[in-house]
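> Using only what follows, build the 3D model:
(4 chains)
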There are 2 protein chains.
Amino acid sequence: MARPVRSLPPVPVGAPPPTLADVAERAGVSRQTVSNAVNNPELLRPDTLERVQHAIDELGYTPNRAARNLRTRASHLIGLRLTPVQEGTANATVDRFLHSLVETSREAGYHVLLFTADGDQLLTGYEELVRSTAVDAFVVTDTFLGNPQAAWLEAQHVPFVAFGRPWDSPEATHAWVDVDGGTGVALATEHLVGRGHERIAWIGWRKDSRIGEDRRSGWARVMYRHGLRTTGLACRVEDTVGSGREAAAALLDAAAPTGFVCASDTLAIGVLHTLSERGLVAGRDVAVVGFDDSQVAQVVPPGLTSVRQPLEQVAVEIVTALEGLLDTPPVRRPGVMLDPTLAVRGSS
Amino acid sequence: MARPVRSLPPVPVGAPPPTLADVAERAGVSRQTVSNAVNNPELLRPDTLERVQHAIDELGYTPNRAARNLRTRASHLIGLRLTPVQEGTANATVDRFLHSLVETSREAGYHVLLFTADGDQLLTGYEELVRSTAVDAFVVTDTFLGNPQAAWLEAQHVPFVAFGRPWDSPEATHAWVDVDGGTGVALATEHLVGRGHERIAWIGWRKDSRIGEDRRSGWARVMYRHGLRTTGLACRVEDTVGSGREAAAALLDAAAPTGFVCASDTLAIGVLHTLSERGLVAGRDVAVVGFDDSQVAQVVPPGLTSVRQPLEQVAVEIVTALEGLLDTPPVRRPGVMLDPTLAVRGSS
DNA sequence: TGGTGCGATTGGAACGTTCAAGGGGGATCC
DNA sequence: GGATCCCCCTTGAACGTTCCAATCGCACCA
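Model prediction:
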């Protein structure tokens, strides 16, 4: 049963808020007993506990975080670096992930602190926060760059969990959670094969993107399994709408694919552009599948089929790993891999 | 000149981080002098300052936030409640605003703390954070509901700045920043008039939405100014893609408008759906303008013209107001109203 | 009756910082 | 030469909590 909403606090305006000592005096016990009532109620005799609880409610007492943080050397905050916004793309994972993370963190007794840091200041930004005990740990999201931060944080013994596996350093031992993009794309490709498509093209990212290559492997695997041709049906470009548009045009001219599987919704939108330019209708003449299930995919006519990452579950796993990390002694968890799903819409 | 990236901290793993006292001893001064070196350098003699700075750099000292917060009764954190995600809409202001806010706050020495709270727990969520000195102030974003929170926070003397004017309580004296939606829509309508359109339809929100009615007034004003008919050209619906689609279909049948101005990108996308269903081409046969300049507007073919809120500037104004509020004595600012711009794309 | 053990509670100290007040020393003035 | 001032720096205390060791009260047992 949830505690009812606390009645109006009896604290007069401007007066200092009540402290442990105030509650202790009112309840006729010591400071420490009040502290125990809040943090380890099972240590108190039931009648004492009730007396203290009563005093707490009467005074409207709330523990002072700063004092608690100072004494316990913890902030109960999780740091998350906000990566720069990219306008003109369809990337929408941040928003959904952020909500899930904040929600899950709250249930674990943590809040999320946002910060920004770029270029030279990148690592300094992390360092400053952890050194000043502003945060207990970090969630690192942009591991696709070859995670220099992850390696550095690990070397500095800064607690963190990565969203994204350590692509370039299989020897890394830090905690991470990731989504199996290859499986997601395989799901998408199977979906198109199931609809009778045989010439299915892949539009992905540059070859040095590990994530891009991983997703591509899902397409290649399924094509191979069904004995379908892949040569001339794949290309790798920048992650922009324009690149997707051009790639689609080139592929249509060269190989006349009837379906496109893309490494991102941004690229898939590019394909839609080309289709509408040529008077082709997505979902009727040509099938298109994107990746990330962004808002764009959800609303663009006729609806873009897209691979959806289980971000809510990712957040749960990340927070679980964080809790383990911050336990004493720390509980190290291996990496966690989750499977995406396919959101089917009109474009296929 | 930016300080160079600090060299590897000399703190051995597991050792407690250096404190003011450590720095003081090394520099041969007192604790307070080190504190002054950090917070009020102008109080020190130049040579002393340099000596202390040197010791700080050598030890890799970073002030402990918890201790500072405890002593100064401030957290240097700004609380922001994350409003629930709405899937299937094109609302994208949160993301852009969040980035701007975090960035601007950082420059002012603040970090942003995210939290969630719903229903019964809504006010309790705010209260708990401020009572426990977890945050110094709040940014309140969802004032469109008739801001019960704003009134409550003001009554509680909790420092906050609202993004959104106090629609229902003109007597409110709290700080706020808002964007003039009516002017934005007027801009959009003028744009269509300038392109020769005469039958311009409005698709807005339900009449009880103050924001919706404000935006609508911009359309009505411009239509009236140019002596254009408005009867039969307006409708009010829910903010969903489906509603926009149906509204557009009904309006096309009844009044054959050649242009649509919408209260949101979500509704405008709905219009695009109807157009493509009827074989009409947006931007050629019918012009469409949305509101919010979301990612969707930016990438959907052929590009959706949209009213763009100056969120970066909003963040700056909000942080400025917050700084004033947290000054001693507090500096109260009146409300600030900003003008949006129009991002013109292929749909018009 | 006095020792033992155990659960419940207490009091002092500490976390690292800043505030408020005080002190040393040189320059200036009478 | 001493009073006065000001600049620069130091000292002790305080912020509100939790850790740690100690104490109290009580039941149990010899």
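> Name the nearest residue to the residue of the stretch 101-250 of chain A found nearest DNA strand D, ignoring sequence neighbours.
Closest residue of the stretch 101-250 of chain A to DNA strand D, Cβ to the nearest atom of the strand: A:G109 (12.2 Å). (C-beta placed from N, C-alpha, C; glycine too.) In this structure, A:G109 finds its nearest non-sequential neighbour in A:H76, 6.1 Å apart by Cβ to Cβ, 6 or more residues apart in numbering or on different chains.
> Quick check: the one you found vs DNA strand D, distance?
11 Å (Cβ to the nearest atom of the strand, to the nearest Å).
> what does A:R96 give?
Look at A:R96 and DNA strand D: by Cβ to the nearest atom of the strand, they are 34 Å apart.
> Am I right that that residue sits in a helix?
Yes - applying DSSP: H, G, I helix; E, B strand; the rest coil, one finds A:R96 inside a helix.
> okay, now the residue of the stretch 101-250 of chain A closest to DNA strand D: neighbour count?
A:G109 is flanked by 9 other residues according to other Cβ atoms under 10 Å in any protein chain shown.
> Also A:P46?
Neighbours around A:P46, by other Cβ under 10 Å: 8.
> need the strands for the stretch 101-250 of chain A, in chain order.
A:111-115, A:137-140, A:160-163, A:175-179, A:200-205, A:234-237 (DSSP state E, counting those that start in this stretch).
> could you dump those strands to CSV with mean neighbour count?
Listed next are the strands of the stretch 101-250 of chain A as CSV, based on neighbours: other Cβ atoms under 10 Å in any protein chain shown:
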stretch, mean neighbour count
strand A:111-115, 22
strand A:137-140, 24
strand A:160-163, 25
strand A:175-179, 24
strand A:200-205, 26
strand A:234-237, 19
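> can you list those in a markdown table and add distance to DNA strand D and mean pLDDT?
A markdown table is the format used below for the strands of the stretch 101-250 of chain A (distance: least, Cβ to the nearest atom of the strand, whole Å; pLDDT from 0 to 100):
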| stretch | distance to DNA strand D | mean pLDDT |
| --- | --- | --- |
| strand A:111-115 | 16 | 96 |
| strand A:137-140 | 18 | 94 |
| strand A:160-163 | 23 | 94 |
| strand A:175-179 | 24 | 95 |
| strand A:200-205 | 48 | 97 |
| strand A:234-237 | 53 | 96 |
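> Name the residue closest to the centre of chain A, please.
Nearest residue to the geometric centre of chain A (Cα atoms, centre = their mean): A:F97, 4.0 Å.
> Please tell me how far it sits from B:Q298.
Going from A:F97 to B:Q298 by Cβ to Cβ, to the nearest Å gives 21 Å.
> now do A:L326
A:L326 is 40 Å from B:Q298, by Cβ to Cβ.
> And those two? Which one has more around it.
B:Q298 (21 against 17).
> Please name the nearest non-neighbouring residue to that one.
Leaving out its chain neighbours, the residue that sits closest to B:Q298 by Cβ to Cβ, 6+ apart is A:G88, at 5.0 Å.
> Got the confidence number for that neighbour?
pLDDT, the model's per-residue confidence, is 73 for A:G88.
> In terms of helix, strand or coil, where does it fall?
A:G88 ends up coil, using three-state DSSP.
> what about it, neighbour count?
A total of 12 residues lie near A:G88 under the criterion other Cβ under 10 Å.
> Mind listing what's buried along the helix or strand A:A37 falls within?
Under the criterion of DSSP states H and E, A:A37 resides in helix A:31-39. The neighbour-count check on helix A:31-39 (16 or more other Cβ atoms under 10 Å in any protein chain shown) flags A:T33, A:V34, A:S35, A:N36, A:A37, A:V38 as buried.
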